[in-house]
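> what's the 3D shape of this:
(one chain, ligands or ions: 1)
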Amino acid sequence: MQKSITSFFKPKDESQNSKYAEDARKKETKSASIEEKPKVPTPVKTIKEEGDENALPTVDSEEKMELEAPSPVKVRKMELNSGLPENEASEAYDPSVETYHPINDAYWKAQRTTPYLALARTFQVIEETKGRLKMIDTLSNFFCSVMLVSPEDLLPCVYLSINQLAPAYEGLELGVAETTLMKAICKATGRNLAHIKSQTQLTGDLGIVAEQSRVSQRMMFRPKPLNVRGVFAKLKEIANISGQAKITLVYDVFVACRHAEARFFIRSLIGKLRIGIAEQSLLTALAIALVKRNHINDCKAHKVCDIYKDEIADTTLILKTTYSQCPNYDIVIPALLKYDIKELQDRCPMHPGMPLRPMLAQPTKGVSEVLERFSGMQITCEWKYDGERAQIHLNKDGEISIFSRNSENNTPKYPDLIARSKSLVKGNVETYILDSEIVAWDIERKQILPFQILTTRKRKNVDIADIKVQVCVYIFDLLYFNGVSLVTKPLSERRKILMEHFQEVEGEWQFATALDTTDMDEVQQFLEESIKGNCEGLMVKTLDEEATYEIAKRSRNWLKLKKDYLSNVGDSLDLVVIGGYKGKGRRTGIYGGFLLACYDTENEEYQSICKIGTGFTDEDLRQHSEFLSAHVISSAKSYFRYDPSLEPDAWFEPVQVWEVKCADLSLSPIHRAAIGAVDPERGISLRFPRFIRIRDDKSPENATDANQVSLMYNSQDQVKNNQKSSDQMDMESDFY
Ligand code: AMP
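The predicted model follows:
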């Protein structure tokens, strides 16, 4: 399967992309002569003249000694770059301008190698933009230029825009320690460490400090400009080495950074770009860029978003669906450049060995909501097991891989499952992808054990002989079978194939206990039984209608029904511990309270949501204090958002997620969760928060998102009622 995928991307003589660019260039020459547009200047040097286009610049002693004048960090808005010398055009590059033209304004079109500065300028403009649509549109302009002018750079541009080096499931992470970066900045700028540290504390952003230090630095020689491909390659190298060599590599690139490049290079290394572009926005920007590329010749490029709304919506859905089944830009981007969008899903098929995004469920507040949502539909209720999500893949070579809910590779954690995997299948089974929940299992009593027992299992280098916690896998879906994707088939069909080709083995492999019913009394009773069976409640799913496995869109085809949901809030929240307050009395010597935050995926920041001191046993507090003491940091991370009045006794690296329940959510003048979403100045906070448990299966970036917090806030009965009454008032005032 892998082989055939690679073969799709063999270079073609005449790629579809260069055809677009060529056509557009012809048209452009024509129109330039008619409209007498200013000509884009030929750059002083081409990349060829400068040598290997992937190579990073080194300080060139042959070049003239130059002093770099300090320039303001703020963006200088320009209508067009055409007609400016290359140096100035790069500084003034602004893909957010109304009249942006993807070819005319791509000042690097002669070199066909994207300068890192063009990307950094795009990030800078996006960072200063308020509205999400405008941010996406700006990114789409830049991507469209890259598609047309320097398409080979699209892949590194995409990775750099979401600060990844490889597919997420490969686990290659940047995240260089801030002190390592500070040392490299000191070495490159001659500043002392104390100064850099104090500036960082003051501004809360090492990226800005780095940029300002570069601006005021006098340079002996001007290094050659950076390009996107070179920087991306260097970042990969940096991620793969450690120690002094890492500082040296950071230094090498940093000395060559100009203007905003320093800010974003350092932020990439910290692991937070802070431009507010998360994966879904990036995919939308790519889709818009494709549509702009398609219509570059037949209308004004900047009007595309208004004129081709439907085409943009269709392209976005195809791209998002494709990425959900094949979350690997190394495959998706070359295919997107080469083939028609309609072919994309077939060109980037799902295949065992590559995790696909798991389908998620919506919370409900009770059986009545299930009835409301699924009225008249065939549904099934399954026990909701409390363990760890597992996507189990068998590939053609007979290899099994197990992926977590976050698409992390959990295969090394479960050698026992792999050893017994043959007992699961019946007859001729070559490949599959199963969706399931792994739970801890008491062999003697033949029953499910609490989630906490499962978390005591080792994660790496697990030897079957040493395994103390046995597990049972509860299978609830089949997504791929013998070379065929099943995600577009309804659950009833997927389940039929599952039952036909797989079998239960007691205490090892079981199908999720299910009841197909539309009788709400039976649902209620089944819910009680699931709790008695040590489960969290039920998952209610549609069987035939709207019953595909939805990975790209948020769907309400799966509803979760938990026994202990508070009727008002509906669900617990998964929050990140970012600070600790010293305990008093019995809690002296340990932390007695903590500051929790939700994660804002758009702005890539942790926003404080509550202080918590309830729900802990003394033993819990001792263990949390011991664990978190190893993650204390000297000051708050630049991407923590909180009010100074909340300053804790210790700040922590965002490393752990806690499940928390509360009485309700309210607007807060001091907490910053979802600030701006419901109220322009106030955030949302939790009232009477109570600790439930550690969520080891969730990474901090998968904590409850700010957007979900605002949805939860809005769905509270009293908020809904208030909204209704204010809508009513609006109507009444309109009426009068
Ligand atoms: P939550 O983590 O509370 O949003 O609940 C959704 C999770 O429940 C899924 O990600 C699965 O890990 C888990 N789960 C347990 N049993 C089932 C089931 N029968 N169907 C789907 N998900 C299940």
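
> for the stretch 401-550 of the chain, what spans make up the helices?
Here the stretch 401-550 of the chain has its helices, by DSSP state H, counting those that start in this stretch, at 415-419, 451-454, 491-501, 520-532.

> would you turn those helices into JSON lines with distance to Arg347?
For every residue, glycine as well, the C-beta is placed using N, CA and C. Formatted as JSON lines, the helices of the stretch 401-550 of the chain follow (distance: least, Cβ to Cβ, whole Å):
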{"stretch": "helix 415-419", "distance to Arg347": "31"}
{"stretch": "helix 451-454", "distance to Arg347": "39"}
{"stretch": "helix 491-501", "distance to Arg347": "24"}
{"stretch": "helix 520-532", "distance to Arg347": "42"}
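
> May I see those arranged in a markdown table, with mean pLDDT as well?
Converted to a markdown table, the helices of the stretch 401-550 of the chain look like this (pLDDT from 0 to 100):
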| stretch | mean pLDDT |
| --- | --- |
| helix 415-419 | 97 |
| helix 451-454 | 88 |
| helix 491-501 | 98 |
| helix 520-532 | 87 |
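
> Reformat the ones you listed as JSON lines; add mean neighbour count and distance to Gly175.
Below are those laid out as JSON lines (neighbours: other Cβ atoms under 10 Å; distance: least, Cβ to Cβ, whole Å):
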{"stretch": "helix 415-419", "mean neighbour count": "16", "distance to Gly175": "28"}
{"stretch": "helix 451-454", "mean neighbour count": "18", "distance to Gly175": "27"}
{"stretch": "helix 491-501", "mean neighbour count": "18", "distance to Gly175": "38"}
{"stretch": "helix 520-532", "mean neighbour count": "15", "distance to Gly175": "40"}
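
> Could you find the closest non-adjacent residue to Trp108?
Pro115 (5.3 Å; Cβ to Cβ, 6 or more residues apart in numbering).

> quick one, phi/psi of that neighbour?
phi -70, psi 140 (degrees, to the nearest 10).

> what about it, neighbour count?
Counted by other Cβ atoms under 10 Å, the residues lying close to Pro115 total 24.

> do the one 4 residues further on as well
For Leu119, the number of neighbouring residues by other Cβ under 10 Å comes to 26.

> And it, how close does it get to Ala706?
26 Å (Cβ to Cβ, to the nearest Å).

> which parts of the stretch 551-700 of the chain sit against the ligand?
Residues of the stretch 551-700 of the chain found near the ligand (Cβ under 6 Å from any ligand atom) are Lys560.

> Now for the chain, the helix or strand with the poorest mean pLDDT.
When the helices and strands of the chain are scored by mean pLDDT, DSSP states H and E, helix 47-50 comes last with a mean of 28.

> Skipping its backbone neighbours, what lies nearest the closest residue to the ligand within the stretch 151-300 of the chain in space?
Across the stretch 151-300 of the chain, the shortest distance to the ligand (Cβ to the nearest ligand atom) belongs to Tyr169, at 16.6 Å. With sequence-adjacent residues excluded and distances taken as Cβ to Cβ, 6+ apart, Tyr169 is closest to Ser407, at 4.5 Å.

> wait, what's in contact with that neighbour?
Counting by Cβ atoms under 8 Å, 6 or more residues apart in numbering, Ser407 makes contact with 168-169, 327, 355, 357, 391.

> same question, Val253
56, 226, 231, 234, 265.

> pLDDT at it, what is it?
On the pLDDT scale, Val253 is placed at 94.

> so how far is Phe142 from it?
21 Å.

> again with Asp544
Counting by Cβ to Cβ, the gap from Asp544 to Phe142 is 44 Å.

> Looking at the two, which is more packed in?
Higher neighbour count among Asp544 and Phe142: Phe142, with 28 against 12, using other Cβ under 10 Å.

> you'd agree the more buried one is up against Ala118?
Yes. At 7.0 Å, Phe142 counts as touching Ala118 under the criterion of Cβ atoms under 8 Å.
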